[in-house]
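K.L.:
here is a sequence together with a model predicted from it:
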Amino acid sequence: MKKAVLAVVTAAAVGAAALVPSGPAVQAATDAAAASPPRGFGSALSSVQQTAWQTNASVNTLAVAGNLVFAGGLFTRVRPPGKARGVGDVARKYFAVFDRTTGVPTRFAPQVNGPVWSVATSPDGRYVVIGGDFTVVNGVPRSRVAMFDVASGKLVAGWDPVVNYRVAALKVSSSTVYLGGSFGSVDKVARSRAAAVSLNSGALLAWSPNANDDVHAIELSTDGKRAFVGGGFTRIGGRDVHALAMVNAATGAALSMPAAAAIPPKSEECDSRVKDIEVQGNKVFASNAGTLSVGCYDGVLAADATTGKLLWQSKCRGATEAIKAIGNWLYKGSHAHDCSADGAFPDKTGMHHFLVYSAITGKLGPWFPDATAGGTTLVGPLAFASGGNDLWAGGDFTKVNGVPQEGLTRFTNAPGGAAPARPAAPKVASARVNKVTIAFPTVLDRDNLTLTYLVYRGRTRIGSWSRTSNSWTKPTVTSVTDSGLTSGQKLWYHLEVSDGRNVQKSPSVSVRVR
């Protein structure tokens, strides 16, 4: 038998590559590529959801402290994964606490008489604070904000600021609890939609940015000197600023935030509001949801957390309600439907409710789990929280990756990831003497953009190729030639696709060598 020689048909490869759009569509998987052993996924997390209990209505807010996950929302009961409503459920009205390892609810079950819209924990994990529309907690008056001791699960006695309307945003430092929302006073003292109280006593503090519209998000710089405030306001801290502001964490005075200029000004046609803020090191990220007209800004931006200067901006369309930075990746929950402005998927290619960006470049990364969108928001994911190696997602979805799962789900960095789609049998032909051509298209993987394609003749591997693909462009087709074969032979070929951990094998197909 003649020695086999493999050649790549370059014309076919070049032609296939032309199908991939130019521009900053995707980000190489730098975090996971160096993992040993390979984890099977390209970003910090797998796209395969882990088991967690569900809720019977929307989860609006999440926080993590140690091995506990705190969830607030509109739900009144929780139930095991895989169960329909009413099957095996238990009462957890508006607020529930779950074991972060197992996803099972704990015995920490306060009685809250109204929806919870915000939750935050103290830096040491000792306290958890909830905000919302409630007025009674565990039978005790608590006006829209309450604090619990995490170890005991008990309401903290005597900590009882009186807020006159909804608290929709919370941030807790080592000494201060920052509040944001729709309120106009705290302890009968004027505080327009933003205020601060003492962590130890609940006493009202001087901080008063005085926003002229609702506040949806509050975060602090890592040194605690600056507060980042997001919402629908057009004036805050004594300055005309729309949607995103950086203010002094002690006085509430507005500081320069050039990145805010990337958000279009409020108009009769467009009202784009910051819905979530995330701080990581010296970067601050903000996500927006636009209202009033189609095409109103729904994107995500990154800014320097000291100077406020814009670092990068994504202009995907589709309201973005939640973001969370993990490693070099920024995860987002939205109903993104058009990212053509970023060089990615165009409109009418479906909704992408979970996405990830490189936190460094803003390019779309390799993570594509999916969820339904329901409730009143039609977004799906509404809240994120993480302990560093996982992502808890809450919202008004009822399915995740096609599996029934209502209100709450979680993703981790457990090795495995989603397997590539099973490839079809390669197309083989022998049009020239002693040669066989093998052609195969790329396939998709929910948490990898680049896969390895290996062609086998029987048990002999004749070559491997790295190819990148995504769901919004046509598959690329690679054509290769297996040379130096013996005329008249009947040979069998198959394709294997690998993400570094999972391997999918195609059916074998035969050809007789000319």
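P.N.:
Nice, I can see it. Note that the structure is predicted; figures quoted are calculated from it, not measured.
K.L.:
quick one: Trp117 and Gly132 touch, right?
P.N.:
Yes. Contact criterion Cβ atoms under 8 Å: Trp117 and Gly132 qualify, at 4.5 Å. C-beta: built from backbone N, CA, C; applies to glycine.
K.L.:
so for the two, which sits in the more crowded spot?
P.N.:
Neighbour count, other Cβ atoms under 10 Å: between Trp117 and Gly132, Gly132 has more, with 29 against 26.
K.L.:
roughly how far does the more buried one sit from Asn502?
P.N.:
Distance, Gly132 to Asn502, using Cβ to Cβ, to the nearest Å: 42 Å.
K.L.:
repeat for Ala250
P.N.:
52 Å.
K.L.:
so for the two, which residue has more residues nearby?
P.N.:
Asn502 (18 against 15).
K.L.:
what pLDDT does that one get?
P.N.:
According to the predicted model, the pLDDT of Asn502 comes to 96.
K.L.:
next one: phi and psi at it?
P.N.:
phi -100, psi 140 (degrees, to the nearest 10).
K.L.:
contacting residues around it?
P.N.:
By Cβ atoms under 8 Å, 6 or more residues apart in numbering, the contact list for Asn502 reads 40, 416-420.
K.L.:
what segments of this structure are helices?
P.N.:
Secondary structure of the chain, counting by DSSP state H: helices at 10-17, 30-33.
K.L.:
burial count for Met458?
P.N.:
Residue 458: Gly, not Met. Gly458: 11 neighbours (other Cβ under 10 Å).
K.L.:
now it, nearest residue through space, not along the chain?
P.N.:
Counting by Cβ to Cβ, 6 or more residues apart in numbering, Trp492 is the residue found nearest to Gly458 once chain neighbours are left out, at 5.7 Å.
K.L.:
how about low-confidence regions in the stretch 151-300 of the chain?
P.N.:
292 (pLDDT under 70).
K.L.:
hang on, the earlier thing: highest neighbour count among the contacts of Asn502?
P.N.:
Neighbour max across the contacts of Asn502 (other Cβ under 10 Å) = Gly417, 28 neighbours.
K.L.:
before we move on, the earlier item: can you name the two of the contacts of Asn502 that are farthest apart?
P.N.:
Greatest spatial distance in those: Gly416 and Pro420, 12.7 Å, computed using Cβ to Cβ.
K.L.:
quick one on the thing from earlier: just give me the closest of the contacts of Asn502 to Lys266.
P.N.:
Out of those, the member with the shortest distance to Lys266 (by Cβ to Cβ) is Ala418, at 40.5 Å.
K.L.:
isn't that closest one right next to Asp447, touching?
P.N.:
Yes. Here Ala418 reaches Asp447: they are 5.2 Å apart, a contact under Cβ under 8 Å.
K.L.:
any common contacting residues for the two?
P.N.:
With Cβ under 8 Å, 6+ apart, Ala418 and Asp447 have common neighbours 40-41, 46-48.
K.L.:
among the residues you listed, which lie within strands?
P.N.:
Among these, no member falls in strands (DSSP state E).
K.L.:
how about JSON lines for the residues you listed, with distance to Leu155 added?
P.N.:
Below are these laid out as JSON lines (distance: Cβ to Cβ, whole Å):
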{"residue": "Gly40", "distance to Leu155": "44"}
{"residue": "Phe41", "distance to Leu155": "41"}
{"residue": "Ser46", "distance to Leu155": "37"}
{"residue": "Ser47", "distance to Leu155": "38"}
{"residue": "Val48", "distance to Leu155": "38"}
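K.L.:
can I get the residues you listed in TSV with distance to Ser430 and pLDDT?
P.N.:
Formatted as TSV, these follow (distance: Cβ to Cβ, whole Å; pLDDT from 0 to 100):
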residue	distance to Ser430	pLDDT
Gly40	36	94
Phe41	38	96
Ser46	41	97
Ser47	40	97
Val48	41	97
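K.L.:
weakest of the helices of the chain in terms of mean pLDDT?
P.N.:
helix 10-17 (a mean of 34).
K.L.:
where do the strands of the stretch 1-150 of the chain begin and end?
P.N.:
5-8, 49-50, 54-55, 59-65, 68-73, 77-79, 90-91, 95-99, 116-121, 127-132, 136-137, 140-141, 145-149 (DSSP state E, counting those that start in this stretch).
K.L.:
what's the closest of the ones you listed to Leu244?
P.N.:
So among those, strand 116-121 is nearest, using Cβ to Cβ, at 18.0 Å.
K.L.:
the closest one packs against which elements?
P.N.:
Applying 3 or more Cβ pairs under 8 Å, 6 or more residues apart in numbering; DSSP states H and E, we find strand 116-121 packed against strand 59-65, strand 68-73, strand 127-132, strand 167-172, strand 176-181.
K.L.:
and the angle for it with strand 167-172?
P.N.:
0 degrees (axes from the mean of the first three to the mean of the last three Cα atoms, to 10 degrees).
K.L.:
who does strand 116-121 pair up with?
P.N.:
strand 127-132 (antiparallel) (DSSP bridges).
K.L.:
what residues does the partner strand touch?
P.N.:
63, 65, 70, 72, 94-95, 112, 114-122, 144-150, 156, 163, 166-170, 172, 177, 179, 181, 199.
K.L.:
contacting residues for Val104?
P.N.:
So Val104 contacts 53, 98 (Cβ under 8 Å, 6+ apart).
K.L.:
run the last query once more with 10 Å
P.N.:
51-53, 78, 80-81, 98 (Cβ atoms under 10 Å, 6 or more residues apart in numbering).
K.L.:
sorry, back to before: which one of the strands of the stretch 1-150 of the chain lies nearest to Ser479?
P.N.:
Of these, nearest to Ser479 by Cβ to Cβ is strand 5-8, at 7.8 Å.
K.L.:
and Ala262, how many neighbours?
P.N.:
When neighbours are counted by other Cβ under 10 Å, Ala262 comes out with 18.
K.L.:
er, Thr450 I mean
P.N.:
Thr450 - counted by other Cβ under 10 Å - has 18 other residues nearby.
K.L.:
against Pro423, how distant is the nearest residue to it once chain neighbours are set aside?
P.N.:
In space, Thr450 comes closest to Thr468 once its chain neighbours are excluded; the distance is 4.6 Å by Cβ to Cβ, 6+ apart. Remark: distance between Thr468 and Pro423 (Cβ to Cβ) = 15 Å.
K.L.:
again, but for Pro141
P.N.:
Distance, Pro141 to Pro423, by Cβ to Cβ: 63 Å.
K.L.:
neighbour count for those two, which is higher?
P.N.:
Neighbours per residue (other Cβ under 10 Å) separate Pro141 from Pro423, with Pro423 holding more: 20 against 10.
K.L.:
show me the shaky parts of the stretch 1-150 of the chain.
P.N.:
Counting by pLDDT under 70, the stretch 1-150 of the chain contains low-confidence residues at 1-37.
K.L.:
related to what we said a few turns ago, what touches both of Gly416 and Pro420?
P.N.:
40, 499, 502.
K.L.:
nearest to Ala305 among those residues?
P.N.:
The closest of those to Ala305 turns out to be Gly40 (Cβ to Cβ; 33.3 Å).
K.L.:
so how far is Asn502 from the closest one?
P.N.:
Counting by Cβ to Cβ, the gap from Gly40 to Asn502 is 5 Å.
K.L.:
now Thr452
P.N.:
11 Å.
K.L.:
then Ala424?
P.N.:
From Ala424 across to Asn502, the span is 17 Å (Cβ to Cβ).
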